[in-house]
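Colleague: need a structure here:
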Amino acid sequence: MDAVRVALLREVLAGTEWLDATRRFAGVLRGSVVSHGGGLLLVGTPAYEPWHLAAHLVDEAAWSGTPELSPTLVRHAARASDPAHLAVGLGRLEAARRGETLLVVAPDATGAELLERVRDARRAGATVLALAGPRGPRADGADGGDGLTGPEGHEDLAAMAHELLAPAAGTEESGVDLDTVQHLVSAAAGENSAAAPRGRRRFRDRLSRLADQLTAPPPPRW
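Modeller: Numbers count the residues shown, from 1 in each chain. From the prediction side, this is the model:
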């Protein structure tokens, strides 16, 4: 059903800036992980873990033949007793290095600890990308340098990110929530993984991929 939902979302958003914006962001994401052979770290905020985006990226990695898109989910409350793929804590960000990509999903306040880890990762050479909640003007006029602000910590996150995607509050596109953005970005990252063959073969391949998406079970690891 995700493939159908993405198709419907794109139809609804046709004519807005969101389709180009999400494809552009997905292109940066894909280019970063593919050029370095993987190394994608995915982290949310203390109050939000991007489970669905992790699952979608795992799906897209499999369906598009781009294993580099499969992320390591970094969790704020990871425990040693958790399954291995769910037991990666914030300490992993301390080990981030050049050639790795850190994708931060922040619909709410980031928290000081996460910001510090993101800052350290960037200093170590990691590429920092961010999907954030709506941003708009603050009553006191303070902002992150672009005239906009968001939940606590977003100004700092915007300053650290090599690429940031966040709706601007008070615009037509502000009705697009972060869940929608994540669907569009993950789908575009998989679609743009390689140059598709031209003509009828490309159309058949796309139909085949859509059928696979509609009939495949969810990833068992999530």
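Colleague: measure the closest residue in space to Leu178 that isn't next to it in sequence to Pro50 for me?
Modeller: Nearest-residue entry for Leu178: Pro107, 4.6 Å, with adjacent residues in sequence omitted and distances by C-beta to C-beta, 6 or more residues apart in numbering. Yep, even glycine has a C-beta here, placed from its N, CA and C like the rest. Here Pro107 is placed at a distance of 9 Å from Pro50 (C-beta to C-beta, to the nearest Å).
Colleague: again with Ala112
Modeller: In this structure, Ala112 and Pro50 are separated by 20 Å, where distance is defined by C-beta to C-beta.
Colleague: okay, now the unreliable bits of the chain?
Modeller: For the chain, residues meeting the criterion pLDDT under 70 lie at 1-5, 7, 12, 135-153, 168-175, 192-222.
Colleague: and the helices in it, which stretches?
Modeller: Listed from the start of the chain, the chain has helices (DSSP state H) covering 2-13, 18-35, 51-64, 91-94, 112-123, 154-160, 178-191, 200-215.
Colleague: quick one: which of these is nearest Leu42?
Modeller: Checking the helices of the chain against Leu42 by C-beta to C-beta gives helix 51-64 as the closest, at 5.6 Å.
Colleague: so Gly44 is in contact with Val105, correct?
Modeller: Yes: here Gly44 reaches Val105: they are 4.9 Å apart, a contact under C-beta atoms under 8 Å.
Colleague: overlap in contacts of the two?
Modeller: Pro50 (C-beta atoms under 8 Å, 6 or more residues apart in numbering).
Colleague: before we move on, back to that, so can I have JSON lines of the helices of the chain showing mean neighbour count and distance to Arg75?
Modeller: Below are the helices of the chain laid out as JSON lines (neighbours: other C-beta atoms under 10 Å; distance: least, C-beta to C-beta, whole Å):
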{"stretch": "helix 2-13", "mean neighbour count": "14", "distance to Arg75": "23"}
{"stretch": "helix 18-35", "mean neighbour count": "19", "distance to Arg75": "20"}
{"stretch": "helix 51-64", "mean neighbour count": "21", "distance to Arg75": "10"}
{"stretch": "helix 91-94", "mean neighbour count": "16", "distance to Arg75": "9"}
{"stretch": "helix 112-123", "mean neighbour count": "17", "distance to Arg75": "11"}
{"stretch": "helix 154-160", "mean neighbour count": "20", "distance to Arg75": "18"}
{"stretch": "helix 178-191", "mean neighbour count": "22", "distance to Arg75": "17"}
{"stretch": "helix 200-215", "mean neighbour count": "12", "distance to Arg75": "27"}
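Colleague: much appreciated, bye for now.
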